[in-house]
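*Asks:* no sequence on this one, just coordinates:
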């Protein structure tokens, strides 16, 4: 049996103390410091306003709200699969445009201008891996909204209509028994409402907050550069476009 000397205990204590200080320091790196002057910011950060929007926030805690639910989160884990079903149906709605011969709509679907179609059509065909990756952003977003609904001091706002629809979905997921069709209908209605959030609603769109949180890289403790953030934005935009197509022109009503 090895006997530990007082020096061994002292060294062990010093190492543990050093580890604790290092862990504490690492945690502080994920707390956003508000810049005192926009002059010190890059054009990218001045444009996104992330440092101002999340000043004083612990991005590690916020980022945890955006993660895929684990199996122990039974209700949210099941919701994750249901959201996937809704988005897959929305994607089929895009593919159906080709079957219908509606060749002009993809140009409008790709446009960022409500009064002018795009010069290029919306891309219809994606690899299975890319579809899974893109759809996962909306799955994370819906779970994020339900998580913050019951929390305080998260800085995320919802309109009265959005709040009502969120509580409706919350009750369906956590409390009530309903058919898969009813749950998918609630997901679709909520998604369309969140997307149509007005800039003049009085509260900032939760999509802006969600995508802003994803703009922070926890490993490097800094904001993502444009080239690293673009794939995230592309995935969210993809989901927005296919959801609104199905919302505006439901596939089951197109024969009329």
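*Replies:* Cool, the structure landed. Predicted model only: the values in this text are computed from it and were never measured. Residues are numbered from 1 along each chain as shown.

*Asks:* rest of the way, CA atoms for contacts and neighbours
*Replies:* OK.

*Asks:* got the contact list for residue 183?
*Replies:* 82, 169, 172-173 (CA atoms under 8 Å, 6 or more residues apart in numbering).

*Asks:* restricted to helices, list those residues.
*Replies:* Filtering the contacts of residue 183 for membership in helices, criterion DSSP state H, returns 82, 169, 172-173.

*Asks:* residue 145: which of these is nearest?
*Replies:* The nearest member of the ones in helices among the contacts of residue 183 to residue 145, counting by CA to CA, is residue 169 at 10.5 Å.

*Asks:* tell me the pLDDT at the nearest residue to the closest one once chain neighbours are set aside?
*Replies:* The shortest distance from residue 169 to any non-neighbouring residue, by CA to CA, 6 or more residues apart in numbering, is to residue 186 (5.9 Å). At residue 186, the pLDDT value in this model is 96.

*Asks:* offset the numbering so it begins at 53, please.
*Replies:* Happy to do that; since the first residue is 53 now, the last one works out to residue 238.

*Asks:* doesn't residue 238 lie inside a strand?
*Replies:* No: secondary structure assignment places residue 238 outside any strand; it is helix (DSSP: H, G, I helix; E, B strand; the rest coil).

*Asks:* how many residues are close by it?
*Replies:* Residue 238 has 17 neighbours, counted by other CA atoms under 10 Å.

*Asks:* measure residue 110 to residue 289 for me?
*Replies:* Plainly put, residue 110 is 26 Å away from residue 289 if you go by CA to CA, to the nearest Å.

*Asks:* check residue 218 too.
*Replies:* From residue 218 to residue 289 the distance is 21 Å (CA to CA).

*Asks:* the two: which has the busier surroundings?
*Replies:* residue 218 (23 against 16).

*Asks:* top of the ones in helices among the contacts of residue 235 by neighbour count?
*Replies:* residue 221 leads these on contacts (other CA under 10 Å) with 24 neighbours.

*Asks:* give me the element the closest residue to residue 102 other than its chain neighbours is part of.
*Replies:* Nearest in space to residue 102, with sequence neighbours left out and distances taken as CA to CA, 6+ apart, is residue 264 at 6.5 Å. Element membership for residue 264, per DSSP states H and E: helix 258-266.

*Asks:* that helix packs against which elements?
*Replies:* Helices and strands touching helix 258-266, by 3 or more CA pairs under 8 Å, 6 or more residues apart in numbering; DSSP states H and E, are helix 111-116, helix 180-201, helix 232-247, helix 278-300.

*Asks:* take those and lay them out in CSV including distance to residue 104.
*Replies:* Shown next, in CSV, are the helices and strands packed on helix 258-266 (distance: least, CA to CA, whole Å):
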stretch, distance to residue 104
helix 111-116, 13
helix 180-201, 20
helix 232-247, 23
helix 278-300, 18
